[in-house]
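Structure, please.
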Amino acid sequence: MSEQRKIKFALYIVGTGMHISSWRLPQAQADASINVQFYQNIAQIAEYGKFDAAFIADSLAIDDTSHSQILNRFDPVVLITAIAQATKKIGVVATASTTYNETFNLARQFASVDIISQGRAGWNLVTTADATGKTALNFSRKQNVKHDDRYKIAEEFVDVVKGLWDSWEDDAFIRNKETGAFYDKSKVHDLNYEGTYFQVKGPLNIARSPQGQPVIFQAGSSVPGQRLAARTADAVFCHKKSFEDAQQFYRTLKAQLAAFGRSKNDLVIMEGISPIIGRTQEEADEKLDQLNHYTIQEQALKFLSGYVGNVDLTRYSLDTKASEVAWKPVDSIQSDFETIQKIIQEEDLTVGELYQRVSNVASDRSFVGTPEKVANTIEKWFTEKAADGFIFIPPVLPNSLTDFVEQVVPILQERGLYRTEYEGATLRENLGLSFAENRYTLGRQGVR
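Numbers count the residues shown, from 1 in each chain. Below you'll find the model as predicted:
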């Protein structure tokens with residue numbers, strides 16, 4: 001990208017907000033997680049703030065270690081289709097698992113949304129880390145696939161999906177009424193994929209989209225996760241708990257791109273942040289205190305247990321020293337477990353304080369304060385190469401989002417760090433990514 005680098009923002013929409021107590025606030029719309037108009041309105045606010053994308057996470061099992069409100073939730077691909085119909089420019093990204101899906105169905109779903117949205121769709125690729133095993137039981141399996149094996153499956157899965165998305169070249173459908181030729185048969189291609197985990201013939205039964213292929217997001221931070229991202233992803237969603245950790249991850253991941261013939265601009269790295277904004281520092285602190293006031297201790301401990309799986313933290317109190325807990329390694333999200341262990345080793349925290357650190361809500365106090373303070377932190381992370389952009393994870397919806405759009409966005413725009421208008425019509429264009437050229441067209445042109 002030759003022009004000045006600009007901050008990218010995606011909005012993580014989860015019911016009334018990421019804080020587990022957000023739904024209990026007096027002003028909260030408690031049924032938000034299954035209210036499509038609520039989601040559409042939130043996406044419209046983000047679009048007004050010139051966000052790149054609305055991002056929908058997912059889970060495939062009822063897990064009481066999660067937020068109570070998201071035990072009742074829409075299928076994310078269906079939801080982003082509805083959001084796309086209520087917006088014009090903002091991208092729409094849905095989470096879907098490579099462990100619990102079929103390649104053909106997933107490729108067709110996201111290609112469909114990409115065409116319906118006129119090139120604004122993205123797929124958040126996850127392998128489904130489920131230490132409880134509840135997801136596996138919903139898919140006729142006795143246990144979840146082991147961590148490294150999940151990534152081996154994902155490597156093949158994404159190759160199949162991208163191959164299916166290239167089934168039809170961009171100008172394959174000629175629809176010539178005079179000759180009766182609906183498509184050019186030389187420009188439709190079988191995939192004929194034969195791998196360890198997948199055997200898929202193809203072609204896909206839907207054309208390519210305005211951006212060539214949907215944008216692929218990926219969130220793995222482990223060694224296999226980083227390799228998958230460096231090879232196949234367009235954007236990475238990560239949760240580093242400090243500026244230094246984020247900066248190190250940024251350098252490490254960007255350095256891996258060259259091995260796959262990619263440049264540093266081919267991958268957008270976006271850090272998850274949860275700012276709490278007040279006109280004064282005191283007001284921001286009061287907002288955080290209000291959220292904590294509505295937090296039920298057992299729910300907080302269950303939430304933290306969900307990160308580690310093998311430890312039931314409800315047996316402890318919030319005042320228990322985290323170093324006194326009998327932590328056990330878990331085959332789940334390895335990067336999260338390693339981060340927690342690092343925090344425990346370096347800081348003398350109670351279990352309650354540890355919850356605050358890993359919940360991603362106010363985990364970094366530099367994101368709690370005045371609009372200027374939050375803008376300064378974002379600028380530092382961006383200009384000093386800790387991130388290309390941010391996944392905004394609002395503690396409370398819509399309040400946290402409107403605070404950010406009305407108070408922080410104008411500051412970033414005035415500093416020339418953030419767009420005042422969308423650069424393009426597709427998600428790829430707005431993220432500064434190239435059009436996804438069809439492999440067969442490139443082959444015909446002699447490009448490898």
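
just the strands in the stretch 251-400 of the chain please.
268-273, 276-277, 368-369, 389-392 (DSSP state E, counting those that start in this stretch).

if you average pLDDT over stretch 215-235, what comes out?
Computed over stretch 215-235, the mean pLDDT rounds to 93.

May I see the buried residues of it?
Judged by neighbour count (16 or more other CB atoms under 10 Å), stretch 215-235 contains these buried residues: 215-222, 224-235. Placement of C-beta: from N, CA and C, glycine included.

again, but for stretch 133-146
Neighbour count says stretch 133-146 has Thr135, Ala136, Asn144, Val145 buried, by 16+ other CB under 10 Å.

show me the contacts for the nearest residue to Gly212 once chain neighbours are set aside.
Nearest residue to Gly212, sequence neighbours excluded (CB to CB, 6 or more residues apart in numbering): Ala436, at 3.1 Å. With contact set as CB atoms under 8 Å, 6 or more residues apart in numbering, Ala436 has these partners: Trp165, Gln211, Gly212, Gln213, Arg428.

Cross the buried residues of stretch 215-235 against strands and list the overlap.
Mapping those onto strands (DSSP state E) picks out Val215, Ile216, Phe217, Gln218, Ala235.

with those residues in mind, which one is nearest to Asp75?
Phe217 (17.5 Å; CB to CB).

which non-adjacent residue is nearest that closest one?
Asn124 (4.2 Å).

do Val93 as well
Nearest residue to Val93, sequence neighbours excluded (CB to CB, 6+ apart): Gly122, at 3.6 Å.

show me what contacts the closest residue in space to Ala86 that isn't next to it in sequence?
Nearest residue to Ala86 in three dimensions, chain neighbours excluded: Gln40, at 3.8 Å (CB to CB, 6+ apart). Contact partners of Gln40, counting by CB under 8 Å, 6+ apart, are Ala82, Ile83, Ala86, Thr87.

how close does Gln40 get to Ala46?
If you measure Gln40 against Ala46 using CB to CB, to the nearest Å, the figure is 11 Å.

Kindly report the same for Leu25.
Distance from Leu25 to Ala46, by CB to CB: 20 Å.

repeat for Gly432
For Gly432 relative to Ala46 (CB to CB), the value is 18 Å.

Equivalent analysis for Gln27, please.
Distance of Gln27 to Ala46, given as CB to CB: 19 Å.

Looking at the two, which is more packed in?
A direct count of neighbours by other CB atoms under 10 Å for Gln27 and Ala46 places Ala46 higher, at 27 against 8.

so the more buried one, which of the three states?
helix (DSSP: H, G, I helix; E, B strand; the rest coil).

Now do the contacts for it.
Taking CB under 8 Å, 6+ apart, one finds Phe9, Leu11, Ala54, Ile90, Leu401, Val405 in contact with Ala46.

Quickly list what the second one is bridged to.
Under DSSP bridges, the beta-bridge partners of Leu11 are Ala54, Phe392.

In the contacts of Ala46, which residue is surrounded by the most others?
Using other CB under 10 Å as the neighbour criterion, Ala54 leads the contacts of Ala46 with 30 neighbours.

I figured that residue hits Phe9, correct?
No: between Ala54 and Phe9 there is no contact under CB atoms under 8 Å: 10.6 Å.

Now stretch 192-206: average pLDDT?
In the prediction, stretch 192-206 has an average pLDDT of 97.

Show me what it is in contact with.
103-104, 107-108, 111-112, 115, 152-153, 156-157, 159-160, 163-165, 167-168, 188-191.

before we move on, what about stretch 136-156?
With CB under 8 Å, 6+ apart, stretch 136-156 has contacts from 60-61, 98-100, 125, 127-131, 133, 135, 195-198, 220, 222, 224-225, 227-228, 231-232, 331-332, 334.

gap between the two ends of it?
Terminal residues of stretch 136-156 are spaced 20 Å apart (CA to CA, to the nearest Å).

in stretch 426-445, what counts as buried?
Across stretch 426-445, burial judged by 16+ other CB under 10 Å covers 426-433, 436, 438-441.

Tell me which of the residues you listed fall in helices.
Those of these mapping onto helices are Leu427, Arg428, Glu429, Asn430, Leu431, Arg439, Tyr440, Thr441, per DSSP state H.

how long is stretch 269-285 end to end?
End-to-end distance for stretch 269-285, by CA to CA: 29 Å.

Great, nothing more from me.
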